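A.B. asks: fold the stuff below for me.
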Amino acid sequence: MEIVHLLRKVTVEFGLRQAEFAARHGMHSTDVRALICLLDAERAGTDATAGWLGAQLGLNSAGTTSVIDRLERLGHLERTRDPRDRRRVLLSVTPRAVELGRSFFGPLIDDTVAVLREFDESETAAVRRFLSAAHQAVTIVP
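C.D. replies: Sure thing, here's the model as predicted:
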């Protein structure tokens with residue numbers, strides 16, 4: 001149970017940093033989650049649409065539209081027509097938002113990466129395996 005409690009402590013601290021970032025920049029915590037989802041989609045090569053984002057966030061279409069509108073108004077999100085299907089609108093995080101996030105979360109990420117550099121390959125693999133399994137255990141599948 002000690003590891004479970006340590007993981008909880010880490011997730012609580014990450015949540016507090018996320019809330020601090022959101023408050024500092026006039027956002028709701030759901031807005032930050034949306035930006036994280038969009039950045040993850042970009043890294044994975046996934047097309048992010050409003051419907052996709054709503055499913056990721058567990059929001060209905062009205063709630064999703066509110067998040068998208070708010071993030072666009074703040075200059076953190078762009079909507080562009082899909083060049084392969086002009087009927088679809090794709091969502092992406094603006095470079096300004098990426099820089100804003102990097103300036104706030106960069107030191108935290110750098111410190112975490114530095115901790116991981118102290119682990120050898122097998123230890124890193126064990127951490128990755130544990131975090132992947134823990135994520136799967138807490139993920140709600142509809």
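
A.B. asks: center of the chain - which residue?
C.D. replies: residue 36 (1.9 Å; Cα atoms, centre = their mean).

A.B. asks: run through who's touching stretch 52-72.
C.D. replies: 27-28, 30-31, 33-35, 37-38, 41, 46, 50-51, 77-79, 91, 97 (Cβ atoms under 8 Å, 6 or more residues apart in numbering). Backbone N, C-alpha and C define where each C-beta goes, glycine included.

A.B. asks: swap in 7 Å and give it another go.
C.D. replies: 30-31, 33-34, 37-38, 50, 77, 79, 91 (Cβ atoms under 7 Å, 6 or more residues apart in numbering).

A.B. asks: how close does residue 115 get to residue 6?
C.D. replies: Counting by Cβ to Cβ, to the nearest Å, the gap from residue 115 to residue 6 is 13 Å.

A.B. asks: and stretch 88-104, what's buried?
C.D. replies: For stretch 88-104, the buried set under the neighbour-count rule, 16 or more other Cβ atoms under 10 Å, comprises 90-94, 97, 100-101.

A.B. asks: ditto for stretch 9-25
C.D. replies: In stretch 9-25, counting by 16+ other Cβ under 10 Å, buried: 18, 21-22.
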